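# Here is a sequence with its predicted model. Questions after.
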Amino acid sequence: QTPTLQYTFLKTCYNYFLGHVPENIKLETIYKTSKDNTIPSGDDHYAPFIKSLVSVKKLKSHKEAKSPLVIIMCVSARRSVSILKNLSSLKIPILKLFAKHMNYAEQGKLLSKGCGICVGTPGRLLKLLEDEALSLHKTQMIVLDGWADTKGFTVCTLRDTAVDLMKFLETGARIQNRLKIGFH
């Protein structure tokens, strides 16, 4: 999909779930892949997709407290685990930020040590952001997972996750004006 289509989709989700589109979410916010970047979507292609965003060397060396370089937002904890399995080929530490894995305080402590990538659900990520356990000051990219569950819902369309996702993106774009949103 083109950035224009992705932006239109995001605007539609905002209007549906929150009744407005924030001013700080613009077409320029959407990550534009180069024409020669032909990495297909799907579980098997998460590691190459992340490598196309940020070098593995940069991900390994990133130690900014509370602010990962890349955040991947998923529809559920199960989906997060599936992505984590695929990303294991990168051989870098990746934080798991969803409710079923560990308690909120432990996740805050791990974030304070710094990491290159975190994978989680919008509800947990929004709570960490609101409580300042997560910062977006050095975050470069938020990847919205496009996987659909058995009923056809994605992280952007499932009511349980969409509202928290929209609030997270709105807050993130206000904090970090260079923040990019990518779809995979």
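Received, thanks. Small disclaimer: the values here were computed from a predicted structure and weren't measured.
# going forward, measure contacts between C-alpha atoms and count neighbours the same way
Fine.
# Which residues does stretch 148-168 contact?
Under the criterion CA atoms under 8 Å, 6 or more residues apart in numbering, residues 10, 13-14, 17-18, 73-75, 121-123, 125-126, 129, 144-147 lie in contact with stretch 148-168.
# Could you identify the buried members of the residues you listed?
10, 13-14, 17, 73-75, 121-123, 125-126, 129, 144-147 (16 or more other CA atoms under 10 Å).
# Helices - which of those residues land there?
Residues of the buried ones among the contacts of stretch 148-168 located in helices (DSSP state H): 10, 13-14, 17, 122-123, 125-126, 129.
# which residues pair with the most centrally placed residue in the chain across the strands?
Closest residue to the average C-alpha location of the chain: Ile72 at 2.9 Å, with CA atoms, centre = their mean. Bridge pairing for Ile72 (DSSP bridges) gives the partners Val119, Val143.
# Tell me if I'm right that it and Gly120 touch.
Yes. Ile72 is within contact range of Gly120, at 6.4 Å (criterion: CA atoms under 8 Å).
# Which helix or strand lies directly C-terminal to the helix or strand of the chain with the lowest mean pLDDT?
Sorting the helices and strands of the chain by mean pLDDT, DSSP states H and E puts helix 3-18 at the bottom, at a mean of 82. Using DSSP states H and E, the helix or strand that follows helix 3-18 in sequence is helix 46-53.
# Show me what that following helix is packed against.
Contact here means 3 or more CA pairs under 8 Å, 6 or more residues apart in numbering; DSSP states H and E; on that basis helix 46-53 packs against helix 77-87.
# Need the residues that contact the helix or strand following the helix it packs on.
Per DSSP H and E, the first helix or strand lying C-terminal to helix 77-87 is strand 94-97. Contacts to strand 94-97, defined as CA under 8 Å, 6+ apart, come from residues 80, 84, 107, 110-111, 115-121, 124-125.
# Could I get these in TSV, plus columns for pLDDT?
Output for the contacts of strand 94-97, formatted as TSV (pLDDT from 0 to 100):
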residue	pLDDT
Ser80	93
Leu84	93
Gln107	92
Leu110	92
Leu111	93
Cys115	92
Gly116	94
Ile117	96
Cys118	96
Val119	96
Gly120	95
Thr121	95
Arg124	95
Leu125	96
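# Would you write a PyMOL line that selects the buried entries of those?
Per 16+ other CA under 10 Å, the buried members of the contacts of strand 94-97 correspond to this PyMOL selection:
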select buried, resi 80+84+107+110+111+115+116+117+118+119+120+121+124+125
